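Participant: Any chance you can model this:
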Amino acid sequence: MAIEVDIDVMLAQRKMSVGEFAEAIGITPANVAVLKNGRAKAVRFTTLEAMCEVLDCQPGDLLRWVPDEE
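Facilitator: Take a look at the predicted model:
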């Protein structure tokens, strides 16, 4: 996957658990895990906005593009 998700880094920096984060943004811990592990095919802008608000960050702090290795 060319898009990598750094939620785990941000959660560690904020000393926040997945459960706390999930509750704060209004999704289940299982869905946070899907996002965190890079298995999500999409993310809603409303969810991304909530994530940025709770973590006090920009979308680029959570998502980054990495070129595929050939």
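
Participant: CA only for contacts and neighbour counts going forward, please
Facilitator: OK.

Participant: correct me, but Ala50 touches Glu23?
Facilitator: No: shown here, Ala50 and Glu23 do not form a contact pair, counting by CA atoms under 8 Å, at 10.9 Å.

Participant: what about the two, which has more around it?
Facilitator: The residue with more neighbours, out of Ala50 and Glu23, is Ala50; 16 against 11, by other CA atoms under 10 Å.

Participant: show me the contacts for the closest residue to the more buried one other than its chain neighbours.
Facilitator: Closest residue to Ala50 in three dimensions, ignoring its sequence neighbours and counting by CA to CA, 6 or more residues apart in numbering: Ile25, at 5.4 Å. Under the criterion of CA atoms under 8 Å, 6 or more residues apart in numbering, the contact list for Ile25 reads 47, 50-51, 54.

Participant: Strands along this protein, start to end?
Facilitator: Assignment of strands within the chain using DSSP state E yields the ranges 3-5, 63-65.

Participant: tell me the average confidence for the first one?
Facilitator: In this case it means strand 3-5. Along strand 3-5, the predicted confidence averages to a pLDDT of 91.

Participant: And for stretch 19-27?
Facilitator: Averaging pLDDT along stretch 19-27 yields 97.

Participant: Can you point out the buried residues in that stretch?
Facilitator: Along stretch 19-27, these residues count as buried under the neighbour rule (16 or more other CA atoms under 10 Å): 21-22, 25.

Participant: can you check stretch 58-70 too?
Facilitator: Buried residues in stretch 58-70, defined by neighbour count with 16+ other CA under 10 Å: Leu62.
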